[in-house]
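**Q** What follows is a predicted structure for the sequence shown.
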Amino acid sequence: MELMREVAALTSQRHPVPLYYQLKTLLCQMIDNDELKSGDCIPSERELSEKYEISRMTVRQAITEMVQEGLLIRKQGKGTFVAEPKIEQGLISLSSFTEDMLQRGLHPSTRLLGTRVEQASRRVAKILSLGVDARVMVVERLRLADGLPMALEFSHLPYSRCGDLKPEDLGGSSLYRLLEERLGIQLGKARQTLEPVLADTHEAELLEVEKGSPLLLLERTTLDTLGVPVEFVRSFYRGDRYKFYVELIRQQKGAG
Ligand code: 16G
């Protein structure tokens, strides 16, 4: 069967579309149309290459890209399956990882990778509005949902305010709950940036993805209700499990 005929939407394009990309488009369409649902096993490389008369290498390229994009999951010895939809997270309310996961019916957990106290770098001191010699507590945590690694977080907290937190607290509990309930800090708002990065060896190992996989780096500065910064966090979220959304409101002409 000719792929081009199947991928009708692409036939009007002027440049020849690579075969692997045609197959990828076809599989994506099947997922969008629910012909392939989450958890379904897709046909094997051999079956796809015979059906569409393309080489197995071409099939593998399409599938590998879809695995990297989080659309398919390879299970060794079992086959390739359609992944669960990504976790969609709004970027409007200031919520914690624990709250976000519970809200989705997922069980949050944390692996504390380490804590240390160090002199704040110039950048961190500036972000946290600290003096040059100020110290920060750095907390490294792997965040999991239903036992699967989702994000790697490096939190920087002003030591003068948060130094009483103990590693044993941080391993088991929500940081936001500790800040609010233990230290009496009222969180007010946060500023956050989002950028794509590729997983290095260490990040890949902890997040259980291949080195070079896409990750989303979120940097968040959280302020208390008086506007004083209380945390600066660098979070690496798995690009194959997450997408973030924002609602955009058009400014009405003539208003303001
Ligand atoms: C989120 C925040 C992180 C915060 C953590 C607290 C982003 C990018 N990061 O992961 O800044 O420290 O929640 O979660 O959203 P916790 O209260 O469950 O420890």
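**A** Noted; the coordinates are in hand.

**Q** which residues of the stretch 51-200 of the chain fall in helices?
**A** Here the stretch 51-200 of the chain has its helices, by DSSP state H, counting those that start in this stretch, at 56-68, 97-103, 122-127, 159-162, 167-172, 175-177.

**Q** roughly how far is the first one from the heart of the chain?
**A** If I follow you right, that is helix 56-68. Relative to the mean C-alpha coordinate of its chain, helix 56-68 is positioned 22 Å out (CA atoms, centre = their mean, to the nearest Å).

**Q** likewise the shortest one?
**A** In terms of CA atoms, centre = their mean, the gap separating the centre of helix 175-177 from the centre of its chain is 20 Å.

**Q** buried ones in it?
**A** Using 16 or more other CB atoms under 10 Å as the test for burial, helix 175-177 gives 175, 176. (Each C-beta comes from the backbone N, C-alpha and C, glycine too.)

**Q** Does anything pack onto it? Which helices or strands?
**A** On a contact count with 3 or more CB pairs under 8 Å, 6 or more residues apart in numbering; DSSP states H and E, helix 175-177 meets helix 97-103.

**Q** Nearest to residue 247 among the helices of the stretch 51-200 of the chain would be which one?
**A** For residue 247, the closest of the helices of the stretch 51-200 of the chain is helix 97-103, at 17.0 Å, according to CB to CB.

**Q** Tell me how far the closest one lies from the chain's centre.
**A** 14 Å.

**Q** near the ligand, anything from stretch 216-228?
**A** Yes - against the ligand, stretch 216-228 shows contacts by CB under 6 Å from any ligand atom at 218, 220.

**Q** quick revisit: would you list the helices of the stretch 51-200 of the chain in JSON lines and tack on distance to residue 254 and mean pLDDT?
**A** JSON lines is the format used below for those (distance: least, CB to CB, whole Å; pLDDT from 0 to 100):
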{"stretch": "helix 56-68", "distance to residue 254": "47", "mean pLDDT": "94"}
{"stretch": "helix 97-103", "distance to residue 254": "38", "mean pLDDT": "92"}
{"stretch": "helix 122-127", "distance to residue 254": "38", "mean pLDDT": "95"}
{"stretch": "helix 159-162", "distance to residue 254": "45", "mean pLDDT": "94"}
{"stretch": "helix 167-172", "distance to residue 254": "51", "mean pLDDT": "83"}
{"stretch": "helix 175-177", "distance to residue 254": "41", "mean pLDDT": "95"}
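
**Q** now these as CSV including distance to the ligand?
**A** Output for those, formatted as CSV (distance: least, CB to the nearest ligand atom, whole Å):
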stretch, distance to the ligand
helix 56-68, 22
helix 97-103, 3
helix 122-127, 13
helix 159-162, 12
helix 167-172, 8
helix 175-177, 3
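
**Q** Distance to residue 251 for those helices - can I get that in a markdown table?
**A** Formatted as a markdown table, the helices of the stretch 51-200 of the chain follow (distance: least, CB to CB, whole Å):
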| stretch | distance to residue 251 |
| --- | --- |
| helix 56-68 | 38 |
| helix 97-103 | 29 |
| helix 122-127 | 29 |
| helix 159-162 | 38 |
| helix 167-172 | 42 |
| helix 175-177 | 32 |
